[in-house]
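Visitor: next comes the sequence, and after it the predicted model I'd like to discuss.
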Amino acid sequence: MNLSSTRSDSTADAPVSRSPRDSEVIGLVGLAHGTSHFFHLMLPPLFPWLMKDFALSYTDVGLLTTTFFVISGVGQALAGFVVDRVGGFRVLCFGVAMLAIAGIVLGFATSYSWLMLSATFAGVGNSIFHPSDFTLLNQRVTQPRLGHAFSVHGVSGNLGWAVAPLFMAGVTSIAGWHVAGFGAAAIGAIVFTTLCLRRRTLEHASEELATARVPAAEVDGGHPGHFAFLSSGAVWLSFAFFLFSTMAFGILQNYAPAILSHVYGVSLVLASSGLTAYLLGSGAGLLTAGFFGERADRMVAPALGFAALMAAVLASGTMPRWALWPLMASIGFGVGLAGPGRDLLVRRAATSRFGRTSFGRVYGFVYSGLDAGQALSPLVFGPVLDAGHFREALVAIAFLQIAALLTALRVSSRVRSEKRILDARV
């Protein structure tokens, strides 16, 4: 099935303007997104030190991560409404400020309650990025460059993930985790200052959003309600797509070293490098997808199919040890290659019925599936591993990739169907 066949020729899908500042907008939004991913991993690299200093269990520190993603998921769905009302720039600055405050709280932490407060601030800050980022990109970047913009957005997030463990653990080993917390806060403050200095570039996007024309027949020929997007099957399928794909990633992010060590008998150090291979492969896939531009959505189905196949091969448990890293990199490459295309699909799900003024709401709700997947994955698969079923967890990754593939295909089909119904009523 050709996922690109759902393109709309409507005014709602046309670019608001053709700005010469595409590159600057992409760079600034990418910088902010990389910062949000950095704070995803502000606390986890410090767990060994925090467990020792505060006599915490694995359950205790795991609850910090769960708190972060639960707050982020709920907040993300709500943040979309705020973005649609006040624009993406102000909300983006608020989020970065909350992340910086989370670092300050960590730096002053003297108890587990302080750590929980830090995770709470970080979750609030993280909640705003997808609705604000994608609203700014969709409203400010010219349509032919959206595929490239989404690619850079994804790569910047991977870079944030890559830098955080090195920075937090490195600073902690030299000066202690309190200093690492203040260091994270300094990164947030620098990014916040950068955004403020270049506010005219991004504020203009918010002004365009406020003045964009809303199609007369957005929903059943009338004016849409704030929650009208929840009646769209394409929106719910997009949420399910992110839920499935992120649950698969959550298995690897949380348990890859233990899984690979038990299934293939390699050391934990070598098994940990498998996750690095996955992230490098994902970054390569995201960069590759950027060259497809607006055609990136055509790559979603084959890319996820390839990732599922590689996951199934890995789950067989019969591959030689040297093949672990190429296989993990291949899974990551397939997932990364599908990334910009999936973002274009969500864009189409938003504009097919609700127009440009709904970007924040739709992106906020749909991308809360990411946080839901991150929160659910350890709850679902932790007990599976506790029972000793390590290979079954790899099988689950393959099935989750297939489920994501099927929902992506259904998103495309549902958008076309809803577009035909809307056109018939106009």
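Guide: Structure's in. What do you need?

Visitor: give the next helix or strand downstream of the helix or strand bottoming out on mean pLDDT in the chain.
Guide: Lowest on mean pLDDT, DSSP states H and E among the helices and strands of the chain sits helix 199-211, with a mean of 61. Using DSSP states H and E, the helix or strand that follows helix 199-211 towards the C-terminus is helix 233-264.

Visitor: pLDDT of that next one, averaged?
Guide: Averaged across helix 233-264, pLDDT comes to 83.

Visitor: does anything pack onto it? Which helices or strands?
Guide: helix 268-290, helix 324-351, helix 359-386, helix 390-425 (3 or more C-beta pairs under 8 Å, 6 or more residues apart in numbering; DSSP states H and E). Any C-beta I mention is one placed from the backbone N, CA and C, and that applies to glycine too.

Visitor: of those helices, which is nearest Trp114?
Guide: Comparing the helices and strands packed on helix 233-264 by their distance to Trp114 (C-beta to C-beta), the top pick is helix 359-386, with 21.9 Å.

Visitor: if you count neighbours, what's buried in the closest one?
Guide: For helix 359-386, burial by neighbour count (16 or more other C-beta atoms under 10 Å) applies to 359-378, 381-382, 385.

Visitor: in the helix or strand that contains Leu159, what counts as buried?
Guide: According to DSSP H and E, Leu159 maps onto helix 146-175. By 16+ other C-beta under 10 Å, the buried positions in helix 146-175 come out as 146-165, 167-169, 171-172.

Visitor: how about stretch 267-286?
Guide: So, applying 16+ other C-beta under 10 Å, buried residues of stretch 267-286: 271, 273-286.

Visitor: mind giving me the domain split of this protein?
Guide: With domains defined by automatic domain parsing, the chain comprises 11-213, 222-426.

Visitor: comparing these, which gets the lowest mean pLDDT score?
Guide: Among the domains of the chain, domain 222-426 scores lowest, at a mean of 79.

Visitor: thinking again about what came up before, from the buried residues of stretch 267-286, which single one is nearest Asp53?
Guide: For the buried residues of stretch 267-286, the closest approach to Asp53 (C-beta to C-beta) belongs to Leu275, at 25.8 Å.

Visitor: I'd say that closest one and Tyr255 touch.
Guide: No - using C-beta atoms under 8 Å, Leu275 is not in contact with Tyr255, being 9.6 Å away.

Visitor: any idea how far the residue nearest the centre of the chain is from Tyr363?
Guide: Geometric centre of the chain, nearest residue: Leu370, 6.0 Å, by C-alpha atoms, centre = their mean. Distance from Leu370 to Tyr363, counting by C-beta to C-beta, to the nearest Å: 11 Å.

Visitor: and for the two, which residues touch both?
Guide: In terms of C-beta atoms under 8 Å, 6 or more residues apart in numbering, Leu370 and Tyr363 are both contacted by the residues His130.

Visitor: what about the strands in the stretch 1-150 of the chain?
Guide: With strands called from DSSP state E, counting those that start in this stretch, the stretch 1-150 of the chain shows none.

Visitor: can you give me the helices for it?
Guide: Remark: helices assigned in the stretch 1-150 of the chain by DSSP state H, counting those that start in this stretch are 22-40, 47-54, 58-86, 88-108, 112-126, 129-140, 146-175.

Visitor: for the fourth one, packing partners?
Guide: The one in question is helix 88-108. Short answer (3+ C-beta pairs under 8 Å, 6+ apart): helix 88-108 packs on helix 22-40, helix 58-86, helix 112-126, helix 129-140, helix 177-197, helix 199-211.

Visitor: tell me the most buried of these?
Guide: Ranked by mean neighbour count, the helices and strands packed on helix 88-108 are led by helix 129-140 with a mean of 30 (mean count of other C-beta atoms under 10 Å).

Visitor: so Gln401 is in contact with Thr246, correct?
Guide: No - here Gln401 does not reach Thr246: they are 11.3 Å apart, not a contact under C-beta under 8 Å.

Visitor: neighbour count for the two, which is higher?
Guide: Gln401 (28 against 24; other C-beta atoms under 10 Å).

Visitor: how about the more buried one: what's its closest non-neighbour residue?
Guide: Ala308 (3.8 Å; C-beta to C-beta, 6 or more residues apart in numbering).

Visitor: ok so, going back, wait, which of the buried residues of stretch 267-286 is closest to Glu203?
Guide: When the buried residues of stretch 267-286 are ranked by distance to Glu203 (C-beta to C-beta), Leu286 comes first, at 27.6 Å.

Visitor: quick check: the gap between that closest one and Phe333.
Guide: To Phe333, Leu286 is 9 Å away according to C-beta to C-beta.

Visitor: OK, contacts around Gly62?
Guide: By C-beta under 8 Å, 6+ apart, the contact set of Gly62 is Pro378.

Visitor: and stretch 61-76, how far from the chain's centre?
Guide: Here stretch 61-76 is found 14 Å from its chain centre; the criterion is C-alpha atoms, centre = their mean, to the nearest Å.

Visitor: please apply the same query to stretch 274-293.
Guide: Taking mean C-alpha positions (C-alpha atoms, centre = their mean), stretch 274-293 and its chain are 14 Å apart.

Visitor: can you list the residues that contact it?
Guide: Taking C-beta under 8 Å, 6+ apart as the rule, stretch 274-293 contacts 144-148, 150-152, 154-155, 158-159, 161-162, 252-253, 256-257, 260, 296, 298-299, 303, 324-326, 328-341.

Visitor: quick one: buried ones out of these?
Guide: By 16+ other C-beta under 10 Å, the contacts of stretch 274-293 give 145-148, 150-152, 154-155, 158-159, 161-162, 252-253, 256-257, 260, 296, 298-299, 303, 324-325, 328-341 as buried.

Visitor: can you redo the helices of the stretch 1-150 of the chain as JSON lines with distance to Gly317?
Guide: Output for the helices of the stretch 1-150 of the chain, formatted as JSON lines (distance: least, C-beta to C-beta, whole Å):
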{"stretch": "helix 22-40", "distance to Gly317": "30"}
{"stretch": "helix 47-54", "distance to Gly317": "29"}
{"stretch": "helix 58-86", "distance to Gly317": "26"}
{"stretch": "helix 88-108", "distance to Gly317": "40"}
{"stretch": "helix 112-126", "distance to Gly317": "36"}
{"stretch": "helix 129-140", "distance to Gly317": "36"}
{"stretch": "helix 146-175", "distance to Gly317": "27"}
